[in-house]
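Undergrad: Here is my input; please provide its structure:
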Amino acid sequence: MVEQARRVLPVRVDAWTVMDMNGPECDLGETVEFILEFREASEGSEECEEAADRTDMTVTVDAWAQQHPGAGEVDPERMTWNTLLTGDGWSARWDAPRPVLGRVRLTGTFHRESLGPHETTVVPTRGGLARIRTQNGRRGEESRITEFDRIWKSDADRESDIRSFLVDLDLDAASRPEPSDLQRPCVVHGFAVTGDAGHRAFWRGDVRLPLVWRTDLASGMTTSVALPLRIGDAEMYLARVQGPTADPEEDACRVVTVDRNSGRRCFTVSGDGAFVEHAEKSAAPGRSPKGSEVFPVRVSDGMLAVLDPADLSVILQVEVDARAHAQVDDNARIWVADSRSQGGRRDRLRVFTQDAAGEWTGCEVDVT
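TA: Numbering: from 1, shown residues only. The predicted structure is shown next:
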């Protein structure tokens with residue numbers, strides 16, 4: 001029996017992507033998933049020049065080429081065709097300098113792609129980290145290659161001059177994958193709290209799927225309502241919860257969505273799973289309705305301030321983590337939601353109430 005050669009793919013992971021994408025920080029031998037970009041090594045290209053002293057990063061591969069599912073119009077100034085390459089155990093995006101289709105043989109380098117519109121349309125390539133090296137040296141300087149045993153956020157070390165991690169991705173050494181959980185309710189783009197005492201619901205959008213999530217604050221049960229949007233059509237977000245309806249005790253919220261084909265669309269989503277689309281625009285994001293008034297909300301330097309619409313004086317100011325939003329029910333109750341990153345991202349919901357003396361007190365509401 002002839003032993004088959006292992007499938008090992010050299011991949012360049014630029015240090016800035018590890019910082020901007022919060023990882024992965026991983027050790028030699030661990031299994032990782034990368035969304036890949038392929039760059040052809042044509043004569044005179046940057047990839048060709050960089051490969052002069054690192055020939056082991058340049059490979060010749062056979063793949064199936066087709067138009068990328070998210071490809072836009074071809075720019076006459078650039079004349080590149082957004083192409084999806086599928087090889088033996090890997091997938092990669094390629095800005096092809098010529099139109100191609102079908103089986104191709106290409107020479108070039110693989111790079112870890114930064115997250116963008118290709119996140120849901122390029123299948124991540126999964127493999128074990130068989131080798132890790134660092135490429136050190138500032139731009140314009142001669143680079144130094146050093147063997148290492150892990151990938152980490154090198155930019156956090158001010159003395160570091162690491163430009164890239166050069167890894168060998170062993171496709172045959174990957175651990176068995178687990179089903180991914182794409183259901184990600186998140187308050188980053190807005191939220192709503194509806195209903196009266198004892199029957200309140202917490203509404204959030206989803207960062208990846210056309211879903212609106214409803215959490216019963218009494219029982220903790222979370223359910224979702226699907227909206228009629230294509231998954232791959234999201235621009236900045238799919239479903240942004242903008243607040244309660246005109247009747248805050250109604251088990252429903254207002255939602256705005258954006259997609260490439262239809263642009264901005266507005267819905268009312270109900271707790272029974274129904275939705276109604278409206279022609280009119282919703283209120284501006286980050287603002288909370290109270291009758292006919294709109295309470296401006298300002299977030300700056302880790303603080304959220306709810307302002308009086310009459311004179312823009314501060315009604316309530318609280319510390320928040322990253323993106324945050326507020327909902328003003330009345331002069332004595334304000335809801336604040338933010339997305340905390342410590343120990344893994346999780347949503348936090350707090351309610352602030354004002355007593356007769358004008359003092360505000362707050363408490364966190366369990367939304368797990």
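Undergrad: tell me the secondary structure for residue 92?
TA: Under DSSP: H, G, I helix; E, B strand; the rest coil, the three-state class of residue 92 is strand.
Undergrad: What count of nearby residues applies to the nearest residue to residue 124 once chain neighbours are set aside?
TA: Once flanking residues are discounted, residue 124 sits nearest to residue 33: 3.9 Å by C-beta to C-beta, 6 or more residues apart in numbering. All C-beta atoms are positioned from the backbone trio N, CA, C, and that covers glycine. Close neighbours of residue 33, defined as other C-beta atoms under 10 Å, add up to 14.
Undergrad: my guess is residue 239 meets residue 258, correct?
TA: No - using C-beta atoms under 8 Å, residue 239 is not in contact with residue 258; the gap is 9.4 Å.
Undergrad: These two: who's more crowded?
TA: Set residue 239 next to residue 258 and count neighbours by other C-beta under 10 Å: residue 239 wins out with 30 against 17.
Undergrad: How about that one: what's its closest non-neighbour residue?
TA: Closest residue to residue 239 apart from its sequence neighbours, by C-beta to C-beta, 6+ apart: residue 205 at 3.8 Å.
Undergrad: got it, and residue 145?
TA: residue 133 (5.4 Å).
Undergrad: about what we covered before: for the residue nearest to residue 124, give its distance to residue 80.
TA: 26 Å (C-beta to C-beta, to the nearest Å).
Undergrad: And for residue 15?
TA: As defined by C-beta to C-beta, residue 15 lies at a distance of 26 Å from residue 80.
Undergrad: Comparing the two, which shows the higher neighbour count?
TA: residue 15 (21 against 14).
Undergrad: Wait, the more buried one touches residue 163, no?
TA: Yes - Residue 15 is within contact range of residue 163, at 6.0 Å (criterion: C-beta under 8 Å).
Undergrad: All the strands of the stretch 51-200 of the chain, residue numbers only.
TA: Using DSSP state E, counting those that start in this stretch, the strands of the stretch 51-200 of the chain run over 59-67, 81-86, 91-96, 102-112, 125-136, 144-148, 150-151, 162-170, 185-194.
Undergrad: Would you mind listing the buried residues in the second one?
TA: Within strand 81-86, the residues that count as buried by 16 or more other C-beta atoms under 10 Å are 81-85.
Undergrad: which intervals of the stretch 101-250 of the chain have sub-threshold pLDDT?
TA: 115-120, 139-140, 154-160, 180-183, 232-237 (pLDDT under 70).
Undergrad: let's see it at 80
TA: 114-121, 137-143, 154-160, 179-184, 197-198, 207-208, 231-239, 248 (pLDDT under 80).
Undergrad: Run through the residues that contact residue 275.
TA: Contacts for residue 275 (C-beta atoms under 8 Å, 6 or more residues apart in numbering) come out as 212, 225, 227, 255, 267-269.
Undergrad: And the pLDDT for residue 73?
TA: Looking at residue 73, its pLDDT reads 88.
Undergrad: same question, residue 310
TA: 85.
Undergrad: Am I right that it sits in a helix?
TA: No - counting by three-state DSSP, residue 310 is not found in a helix; it is coil.
Undergrad: Just want the phi and psi numbers for it.
TA: phi -70, psi -50 (degrees, to the nearest 10).
Undergrad: how many neighbours does it have?
TA: Applying other C-beta under 10 Å, I find that residue 310 has 7 neighbouring residues.
Undergrad: Distance check, it against residue 124.
TA: 52 Å.
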